[in-house]
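[1] sequence plus the predicted model coming up.
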Amino acid sequence: YGYMTMKEISDLFRACDIFVMPSFYEGLSLVTIEAMACGLKVVMNELENFINFVGEDIVKSKNIEFVKMPILYDTDKIVETEVEDYIERLSKALENQINNLYKNNFEDDFYEKIAKFSWENICNNIKNYII
(Lines give C-alpha, C1' and ligand atoms only; values in the text may rest on other atoms or scores of the structure.)
Protein backbone atom coordinates (compact mmCIF):
# COMPACT_ATOMS: atom_id res chain seq x y z
CA TYR A 1 0.00 0.00 0.00
CA GLY A 2 2.91 2.36 0.48
CA TYR A 3 2.57 5.30 2.83
CA MET A 4 -0.85 5.62 4.43
CA THR A 5 -2.21 8.18 6.87
CA MET A 6 -3.48 6.97 10.23
CA LYS A 7 -7.06 7.47 9.01
CA GLU A 8 -6.38 5.40 5.88
CA ILE A 9 -4.87 2.65 8.02
CA SER A 10 -7.79 2.62 10.44
CA ASP A 11 -10.26 2.59 7.51
CA LEU A 12 -8.40 -0.36 5.99
CA PHE A 13 -8.36 -2.18 9.34
CA ARG A 14 -12.10 -1.61 9.79
CA ALA A 15 -12.75 -3.10 6.34
CA CYS A 16 -11.02 -6.35 7.41
CA ASP A 17 -11.80 -9.09 9.91
CA ILE A 18 -8.43 -10.61 10.80
CA PHE A 19 -4.97 -9.11 11.23
CA VAL A 20 -1.98 -11.44 10.79
CA MET A 21 1.36 -10.41 12.32
CA PRO A 22 3.91 -13.08 11.39
CA SER A 23 6.87 -10.98 12.54
CA PHE A 24 9.67 -12.78 14.37
CA TYR A 25 10.62 -9.78 16.46
CA GLU A 26 8.81 -6.60 17.42
CA GLY A 27 9.25 -4.21 20.28
CA LEU A 28 5.66 -3.80 21.42
CA SER A 29 3.91 -4.35 18.09
CA LEU A 30 1.83 -1.20 18.36
CA VAL A 31 0.32 -1.95 14.95
CA THR A 32 -1.21 -5.10 16.48
CA ILE A 33 -2.75 -3.06 19.30
CA GLU A 34 -4.07 -0.58 16.72
CA ALA A 35 -5.58 -3.44 14.70
CA MET A 36 -7.29 -4.83 17.80
CA ALA A 37 -8.60 -1.35 18.68
CA CYS A 38 -10.20 -1.29 15.21
CA GLY A 39 -11.98 -4.55 16.00
CA LEU A 40 -9.77 -6.99 14.13
CA LYS A 41 -9.15 -10.48 15.43
CA VAL A 42 -5.45 -11.30 15.51
CA VAL A 43 -3.12 -14.13 14.55
CA MET A 44 0.47 -13.51 15.59
CA ASN A 45 3.66 -15.14 16.75
CA GLU A 46 4.34 -15.51 20.47
CA LEU A 47 6.27 -12.27 20.84
CA GLU A 48 7.44 -12.07 24.44
CA ASN A 49 7.54 -8.25 24.61
CA PHE A 50 3.98 -7.99 23.32
CA ILE A 51 2.69 -10.70 25.65
CA ASN A 52 4.29 -9.07 28.69
CA PHE A 53 3.07 -5.59 27.69
CA VAL A 54 -0.62 -6.34 27.06
CA GLY A 55 -1.11 -8.70 29.99
CA GLU A 56 -3.09 -11.83 30.70
CA ASP A 57 -6.58 -10.46 29.93
CA ILE A 58 -5.65 -9.88 26.31
CA VAL A 59 -3.29 -12.83 25.93
CA LYS A 60 -5.94 -15.31 27.11
CA SER A 61 -8.81 -13.74 25.16
CA LYS A 62 -10.44 -15.47 22.21
CA ASN A 63 -9.70 -12.40 20.10
CA ILE A 64 -6.07 -13.34 19.60
CA GLU A 65 -4.41 -16.57 18.45
CA PHE A 66 -0.72 -17.02 19.17
CA VAL A 67 1.55 -19.14 17.01
CA LYS A 68 4.58 -20.88 18.48
CA MET A 69 7.74 -19.35 17.08
CA PRO A 70 9.95 -21.45 14.82
CA ILE A 71 13.63 -21.96 15.54
CA LEU A 72 15.52 -19.10 13.93
CA TYR A 73 19.08 -18.32 12.90
CA ASP A 74 20.59 -14.98 11.85
CA THR A 75 17.79 -13.22 13.78
CA ASP A 76 15.06 -13.65 11.16
CA LYS A 77 15.63 -16.82 9.16
CA ILE A 78 13.71 -20.02 9.91
CA VAL A 79 15.73 -23.22 10.27
CA GLU A 80 14.74 -25.18 7.16
CA THR A 81 13.44 -28.19 9.08
CA GLU A 82 11.01 -25.84 10.91
CA VAL A 83 9.37 -24.26 7.86
CA GLU A 84 6.58 -26.80 7.22
CA ASP A 85 5.62 -27.07 10.90
CA TYR A 86 5.57 -23.30 11.28
CA ILE A 87 3.38 -22.86 8.20
CA GLU A 88 1.04 -25.51 9.59
CA ARG A 89 0.82 -23.74 12.98
CA LEU A 90 0.20 -20.37 11.32
CA SER A 91 -2.45 -21.89 9.03
CA LYS A 92 -4.20 -23.59 11.96
CA ALA A 93 -4.29 -20.35 13.97
CA LEU A 94 -5.77 -18.49 10.99
CA GLU A 95 -8.32 -21.27 10.49
CA ASN A 96 -9.27 -21.02 14.19
CA GLN A 97 -9.88 -17.28 13.87
CA ILE A 98 -11.94 -17.76 10.70
CA ASN A 99 -14.06 -20.36 12.50
CA ASN A 100 -14.42 -18.02 15.47
CA LEU A 101 -15.65 -15.30 13.10
CA TYR A 102 -18.35 -17.59 11.69
CA LYS A 103 -19.42 -18.59 15.21
CA ASN A 104 -19.04 -15.04 16.60
CA ASN A 105 -16.94 -16.69 19.30
CA PHE A 106 -15.24 -13.62 20.75
CA GLU A 107 -15.30 -11.59 23.92
CA ASP A 108 -17.83 -8.77 23.85
CA ASP A 109 -15.89 -6.60 26.31
CA PHE A 110 -12.60 -6.91 24.46
CA TYR A 111 -12.65 -3.30 23.26
CA GLU A 112 -12.67 -2.15 26.89
CA LYS A 113 -9.59 -4.28 27.56
CA ILE A 114 -7.65 -2.89 24.62
CA ALA A 115 -8.83 0.71 25.18
CA LYS A 116 -6.44 1.06 28.10
CA PHE A 117 -3.66 1.15 25.49
CA SER A 118 -5.04 4.23 23.69
CA TRP A 119 -2.68 7.17 23.41
CA GLU A 120 -5.02 9.20 25.62
CA ASN A 121 -4.95 6.60 28.40
CA ILE A 122 -1.20 6.12 28.14
CA CYS A 123 -0.65 9.89 28.37
CA ASN A 124 -3.02 10.13 31.34
CA ASN A 125 -1.17 7.31 33.09
CA ILE A 126 2.16 9.06 32.55
CA LYS A 127 0.68 12.35 33.73
CA ASN A 128 -0.78 10.71 36.86
CA TYR A 129 2.53 9.02 37.57
CA ILE A 130 4.49 12.27 37.28
CA ILE A 131 2.07 14.45 39.21
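    It's in.

[2] going by C-alpha atoms from here, please, whenever you check contacts or count neighbours.
    OK.

[3] tell me the contacts of the residue most central in space within the chain?
    Ranked by distance to the mean C-alpha position of the chain (C-alpha atoms, centre = their mean), the top residue is T32 at 3.9 Å. With contacts defined as C-alpha atoms under 8 Å, 6 or more residues apart in numbering, T32 is in contact with F19, M21, V42.

[4] that one and F53, how far apart?
    12 Å (C-alpha to C-alpha, to the nearest Å).

[5] so what's the gap between the helix ranked longest in the chain and the chain middle?
    With secondary structure taken from DSSP state H, the chain has its longest helix at helix 83-103. Computed by C-alpha atoms, centre = their mean, to the nearest Å, the chain-centroid distance of helix 83-103 equals 14 Å.

[6] touching the helix or strand following it from outside, list them.
    Going down the chain from helix 83-103, the next helix or strand is helix 110-115, by DSSP states H and E. Under the contact criterion C-alpha under 8 Å, 6+ apart, helix 110-115 has outside partners I33, M36, A37, G39, D57, I58, S61, N63, N121.

[7] and these, which is closest to N99?
    N63 (11.8 Å; C-alpha to C-alpha).

[8] helices and strands of this protein: which one bottoms out on pLDDT?
    helix 110-115 (a mean of 80; mean pLDDT, DSSP states H and E).

[9] pLDDT weak spots in the chain?
    Scanning the chain for pLDDT under 70 picks out no residues.

[10] and the helices in it?
    Going by DSSP H, the chain shows helices at 6-14, 30-37, 48-54, 56-59, 83-103, 110-115, 119-130.

[11] list the buried residues of the fifth one.
    What that stands for is helix 83-103. The neighbour-count check on helix 83-103 (16 or more other C-alpha atoms under 10 Å) flags Y86, R89, L90, A93, L94, Q97 as buried.

[12] the first one now?
    Of all the residues in helix 6-14, those buried under the rule 16+ other C-alpha under 10 Å are I9, S10, F13, R14.
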